[in-house]
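*Asks:* Build the 3D model from these lines:
(one chain, ligands or ions: 1)
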Amino acid sequence: MTAALPVTETIAALPLPAVAIDGSERIIAINDAAQALLGPFAVGRHFITVLRQPSVVEAVELCLSGKASAAAQFLTRENGQDATYEVAVRRIATAEVALLTFQDVTHVAAAGQMRRDFVANVSHELRTPLTALMGFIETLRGPARDDAAARERFLGIMTHEAERMNRLVGDLLSLSRVEAQERVRPTDKVDLKAVLTSTLRNLNPLAVETDVTLRPQIPDDPVTVPGDADQLQQVLTNLIENAIKYGGEGKTVHITLATADRIDALRAPGCRISVRDEGPGIDAQHLPRLTERFYRADSHRSRALGGTGLGLAIVKHILNRHRGRLKVQSELGKGAEFIVLLPLE
Ligand code: ADP
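*Replies:* Alright, predicted model coming up:
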């Protein structure tokens with residue numbers, strides 16, 4: 001016959017934080033992992049003095065009064081961050097003991113929150129132009145029905161709003177495509193000089209329109225990196241387009257491509273592409289968050305210029321796929337410099 005399991009040793013042997021509570025509602029065993037989570041409490045204390053959260057208390061009481069199992073969430077803070085634990089409570093009927101184990105589900109909870117935030121952001125971004133479109137359709141059907149001049153003007157605004165929605169959907173699709181491929185390393189050899197030259201050619205009309213001078217500095221020797229040419233073109237387009245848009249009329253955008261035998265941030269030989277403008281710059285507090293989806297340093301200006309708030313998020317994901325890095329240097333009033341670092345091999 002097997003001897004009865006010793007409670008203290010059994011609890012100690014569990015890999016998860018675990019606590020056993022007996023019929024008198026006192027803690028009879030607690031392992032090291034649970035002490036790290038709940039604090040160094042002595043065995044023998046009433047469990048409510050240790051586990052104060054109502055949903056946990058309720059789950060324990062249910063099991064002590066006969067229910068086979070119950071579940072609860074335990075919320076706490078670890079290293080200054082919110083943490084969420086799923087608590088499973090099981091009744092050990094023969095001993096009249098409730099056994100609690102804690103599982104860290106912080107990452108699952110954070111992913112769920114991110115998804116909800118993202119859906120809320122997308123809905124909000126789409127709703128604004130959609131509301132404008134619906135308002136103008138209403139006006140064109142009613143009060144402005146026979147007013148040819150108003151019709152022209154409203155159709156112009158409607159086109160503008162529809163284009164904004166189109167850009168947003170386009171950027172969302174790019175982002176999801178880029179994310180889907182993020183773990184697949186690009187294998188093509190890409191001539192960065194050709195990519196940069198073609199990007200500058202495509203953006204020239206925008207530069208002319210906004211009276212911005214593009215000043216490239218490109219080396220004579222070829223610069224070849226393993227990469228996806230379309231995606232690298234998108235990186236350069238997003239950065240140079242931002243520099244033109246935010247840099248401002250009459251200013252210059254400096255674009256430099258160079259290689260180095262060693263780039264410290266990559267711990268490898270690499271190339272460095274810098275896009276520097278002479279615009280209003282970005283306050284230091286915004287720099288760490290610029291590549292988050294829909295994060296805007298200057299929301300009003302971004303919207304006025306037709307921005308989606310997704311350009312730098314797309315840049316970040318493409319560079320991750322290429323094992324590259326993005327650095328941003330800026331000071332208010334002194335322009336901004338976006339630096340792309342890409343490994344040569
Ligand atoms: P957007 O579509 O709003 O331009 P991005 O993801 O491309 O979105 O950029 C995020 C934010 O970073 C912008 O809203 C803007 O506030 C800021 N930003 C980006 N580039 C520059 C720049 N060259 N100068 C100043 N601010 C910039």
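*Asks:* Just give the nearest non-adjacent residue to L100, would you?
*Replies:* In space, and not counting its chain neighbours, L100 is closest to V19: 4.6 Å by C-beta to C-beta, 6 or more residues apart in numbering. For glycine as for every other residue, the C-beta is placed from the backbone atoms N, C-alpha and C.
*Asks:* From P40, how far out is the one you found?
*Replies:* Note on V19: its distance to P40, by C-beta to C-beta, to the nearest Å, is 13 Å.
*Asks:* Would you list the strands that the helix or strand that contains the residue nearest to L100 pairs with, along with their directions?
*Replies:* Taking DSSP states H and E as the definition, V19 sits inside strand 18-22. Using DSSP bridges, the strands paired with strand 18-22 are strand 27-30 (antiparallel), strand 97-104 (antiparallel).
*Asks:* Tell me which of those strands sits nearest to the ligand.
*Replies:* strand 97-104 (32.5 Å; C-beta to the nearest ligand atom).
*Asks:* quick check: mean pLDDT across that closest one?
*Replies:* For strand 97-104, the mean per-residue pLDDT is 96.
*Asks:* Stretch 261-273 now?
*Replies:* Across stretch 261-273, the average pLDDT comes to 94.
*Asks:* now what about it, what contacts it?
*Replies:* 192, 196, 223, 225, 236, 255-260, 323-325, 327, 339-345 (C-beta atoms under 8 Å, 6 or more residues apart in numbering).
*Asks:* switch to 6 Å and redo it
*Replies:* V223, L257, A258, T259, R325, V340, L341, L342, P343, L344 (C-beta atoms under 6 Å, 6 or more residues apart in numbering).
*Asks:* And that stretch, how far out from the chain middle?
*Replies:* 25 Å (C-alpha atoms, centre = their mean, to the nearest Å).
*Asks:* what's the nearest residue to the most centrally placed residue in the chain if we skip its chain neighbours?
*Replies:* Centroid-nearest residue in the chain, with C-alpha atoms, centre = their mean: E292, separated by 4.6 Å. Leaving aside its chain neighbours, E292 sits nearest to A313 (6.6 Å; criterion: C-beta to C-beta, 6+ apart).
*Asks:* Within the helices and strands, which one has that neighbour?
*Replies:* Counting by DSSP H and E, A313 is found in helix 311-321.
*Asks:* Skip ahead from that helix and say which helix or strand is next.
*Replies:* The helix or strand immediately downstream of helix 311-321 is strand 325-330, counting by DSSP H and E.
*Asks:* Listing partners with orientation, what would you give for the helix or strand following that following strand?
*Replies:* Downstream of strand 325-330, the next assigned helix or strand under DSSP H and E is strand 336-343. Sheet pairing for strand 336-343, assigned by DSSP bridges, gives strand 268-276 (antiparallel), strand 325-330 (antiparallel).
*Asks:* roughly how far apart are G44 and the ligand?
*Replies:* Remark: distance between G44 and the ligand (C-beta to the nearest ligand atom, to the nearest Å) = 57 Å.
*Asks:* That residue falls within a strand, correct?
*Replies:* No: going by DSSP: H, G, I helix; E, B strand; the rest coil, the assignment for G44 is coil, not a strand.
*Asks:* Tell me who's in contact with it.
*Replies:* Taking C-beta under 6 Å, 6+ apart as the test, what G44 contacts is R26.
*Asks:* and if we set it to 10 Å?
*Replies:* S24, R26, I27, I28 (C-beta atoms under 10 Å, 6 or more residues apart in numbering).
*Asks:* from what I can see G324 touches G227, true?
*Replies:* Yes: if you go by C-beta atoms under 10 Å, G324 and G227 touch, sitting 8.7 Å apart.
*Asks:* Common neighbours of the two, please.
*Replies:* Joint contacts of G324 and G227 (C-beta under 10 Å, 6+ apart) are V235, I318, L342, P343.
*Asks:* now these as a markdown table including pLDDT?
*Replies:* Shown next, in a markdown table, are the shared contacts of G324 and G227 (pLDDT from 0 to 100):
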| residue | pLDDT |
| --- | --- |
| V235 | 98 |
| I318 | 97 |
| L342 | 97 |
| P343 | 95 |
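*Asks:* picking up where we left off before, just list the residues touching the residue nearest to E292, thanks.
*Replies:* Counting by C-beta under 10 Å, 6+ apart, A313 touches D171, S174, L175, V178, E179, N238, L290, T291, E292, R293, F294, Y295.
*Asks:* Does R77 belong to a helix, a strand or coil?
*Replies:* Three-state call for R77 (three-state DSSP): strand.
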